[in-house]
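1. Sequence first, then the predicted structure:
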Amino acid sequence: MENIFASLLRQIRYYCFISSNVLCFNFIIKGGRKYMEDRVHIETVRKEDGSIKFTFFGIFDGHGGHEASEYVRTNLLNNIMQSDLFDSDDDDDVLEAIRLGFLTTHHGIWKVVSEWPRTASGYTSTAGTTASVAIIRNGKLYTGHVGDSAIILLKRSYRKDNIEDLVPHRLTVDHKPESEDEQARIRIAGGSVALKSGVARVVWTRPIRHHTGPVRRSTPTESIPFLAVARSLGELVFLFS
């Protein structure tokens, strides 16, 4: 295992030792685009005596601009911690605090989205982001997510020849429009899903391009297969359409 970790450390750009037995690292690849829309947040919060209270890991895969992923990176953890439930010893309370933190962050974007750059066609910013977080506290792992950024737990396993393996266990289920459960949820909420180049996407019903003036019930609209994820933070253009 030491050789495996040594090889990994040579390839990654950032890593840190949280404690004597916890190593964290992140590695982001920009790809072919000229800009990076993804963000990572790793933070260890300590008690007054210096001992570790918890460690937070967040991955935010942005799209439509970097504004949403940067906003979530900056605000999500603080919003989770604001809930009194977060300090509870009850696991369900902690998970509820995480859920409330996600909602508070999403609603917070409403207050700032008008300040973000509009699209090339003049629509309200379409910036959004997945959000997958893991919190290690008191020997327990808590997770929360929207979108399709997976959280995978590797567990040690030994084969019959006593060779050690790392076996992956997926902790999250992707929120994708092709999922029957997600399609049902979207329809109940008044939305729809359509295929574009064989990929299921959430439909954006928007005023026709170059429309000017206020949007009314009589305003002509067009339906665009848009999002390839069924849930995200941001994407408030759908609420304003």
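-> Everything's here; your move. Quick caveat: nothing in here was measured; it's all calculated off a predicted structure. Residues are numbered from 1 along each chain as shown.
2. all contacts plus neighbour counts: C-alpha atoms, from now on.
-> Noted.
3. name the element the closest residue to Ser192 other than its chain neighbours belongs to?
-> Of all residues not flanking Ser192 in the chain, Val203 sits nearest, at 5.6 Å (Cα to Cα, 6 or more residues apart in numbering). Using DSSP states H and E, Val203 sits in strand 199-207.
4. Just the buried residues of that strand, please?
-> Buried positions in strand 199-207, judged by neighbour count with 16 or more other Cα atoms under 10 Å: 200-207.
5. Alpha carbons only: can I get the helix or strand following it in CSV?
-> Per DSSP H and E, the first helix or strand lying C-terminal to strand 199-207 is strand 221-227. Taking only C-alpha atoms (Å, rounded to 0.1, in the frame of the first residue of the first chain), the coordinates of strand 221-227 have been written out as CSV:
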residue,chain,number,x,y,z
THR,A,221,-41.6,30.2,-25.6
GLU,A,222,-39.3,27.5,-26.9
SER,A,223,-38.4,24.2,-25.2
ILE,A,224,-34.7,23.3,-25.2
PRO,A,225,-33.2,20.0,-23.9
PHE,A,226,-30.7,21.5,-21.6
LEU,A,227,-29.4,19.9,-18.4
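6. on contacts alone, who are the packing partners of strand 221-227?
-> On a contact count with 3 or more Cα pairs under 8 Å, 6 or more residues apart in numbering; DSSP states H and E, strand 221-227 meets strand 193-196, strand 199-207.
7. Show me the contact partners of the longest one.
-> The one in question is strand 199-207. By Cα atoms under 8 Å, 6 or more residues apart in numbering, the residues outside strand 199-207 that reach it are 177-178, 191-195, 215, 219-230, 238, 241.
8. Partner strands of that strand and their direction?
-> Strand pairing for strand 199-207, using DSSP bridges, gives strand 193-196 (antiparallel), strand 221-227 (antiparallel).
9. Worst mean pLDDT among those?
-> For the strands paired with strand 199-207, mean pLDDT drops lowest on strand 221-227, to a mean of 80.
10. and for the helix or strand following that one, what are the contacting residues?
-> For strand 221-227, the following helix or strand on the C-terminal side (DSSP H and E) is strand 233-234. Strand 233-234 is contacted by residues 68, 72, 102, 105-106, 109, 126-131, 146 when judged by Cα under 8 Å, 6+ apart.
11. can you map out the strands along the chain?
-> In the chain, the strands defined using DSSP state E lie at 14-19, 22-26, 39-46, 52-60, 62-63, 128-129, 131-137, 140-146, 152-158, 164-170, 193-196, 199-207, 221-227, 233-234.
12. For the contacts of strand 233-234, point out the one with the lowest pLDDT.
-> The lowest pLDDT within these belongs to Thr126, with 89.
13. and that residue, how many neighbours?
-> By other Cα atoms under 10 Å, the residues close to Thr126 number 22.
14. what's the answer for the one 5 residues further on, then?
-> One way to gauge burial is a neighbour count; for Ala131, by other Cα under 10 Å, it gives 27.
15. pretty sure it contacts Ser232?
-> Yes - with contact taken as Cα atoms under 8 Å, Ala131 and Ser232 are classed as touching, separated by 7.1 Å.
16. where does this protein have low pLDDT?
-> Applying pLDDT under 70 to the chain flags the ranges 1-21, 209-215, 236-241.
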